[in-house]
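*Asks:* quick one: sequence plus predicted model below, questions after.
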Amino acid sequence: QVQLVESGGGSVQTGGSLRLSCAASAYTCCMGWFRQVSGQEREGVATIGRDGTTIYVDSVKGRFTISKDNAKNTLYLQMNSLKPEDSAMYYCAARRAGDYASLRRERYPYWGQGTQVTVSS
């Protein structure tokens, strides 16, 4: 079992930045950030594989950067140039087996509780 604890959410104005963190209680090969707006499906935002390969959803490319500190089992998401449409609950996800990054949520058995990001115009 892996526990995931997110932090770093908050409220910012359009164009602002936030950095999300996700601390894992054990080794994980592959991790990702997903987000969900109430009433909508949870969407993959950015993921990172065992070899450091990353995948981003088109809407955040060039603005968000995912990274992982393997020594600390901690995942990060640097979010710049934030837009109101980025407002959502952001969830950290992880799996222990496999190699590749994936934006498919069914690939991840472990999930954090979420951290809210609100971007005002």
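*Replies:* Everything's here; your move.
*Asks:* how much space between the residue nearest the centre of the chain and Arg96?
*Replies:* In the chain, the residue lying closest to the centroid (CA atoms, centre = their mean) is Trp33, at 1.9 Å. Distance check for Trp33 against Arg96: by CB to CB, to the nearest Å, it reads 18 Å. For glycine as for every other residue, the C-beta is placed from the backbone atoms N, C-alpha and C.
*Asks:* what ranges of the protein fall below the confidence cut-off?
*Replies:* In the predicted model of the chain, no residue satisfies pLDDT under 70.
*Asks:* which SS state does the residue nearest to the centre of the chain fall under?
*Replies:* strand (DSSP: H, G, I helix; E, B strand; the rest coil).
*Asks:* specify the beta-bridge partners of it.
*Replies:* For Trp33, the beta-bridge partners are Ala46, Cys92 (DSSP bridges).
*Asks:* list the contacts of it.
*Replies:* The contact partners of Trp33, taken as CB atoms under 8 Å, 6 or more residues apart in numbering, are 20, 22, 44-47, 66, 75, 77, 90-93.
*Asks:* can we see that at 6 Å?
*Replies:* Counting by CB atoms under 6 Å, 6 or more residues apart in numbering, Trp33 touches 45-46, 77, 90.
*Asks:* any of these buried? List them.
*Replies:* 45-46, 77, 90 (16 or more other CB atoms under 10 Å).
*Asks:* ok, those vs Glu6, which is closest?
*Replies:* Nearest to Glu6 among these: Tyr90, at 6.9 Å, using CB to CB.
*Asks:* could you find the closest non-adjacent residue to the closest one?
*Replies:* Arg35 (4.9 Å; CB to CB, 6 or more residues apart in numbering).
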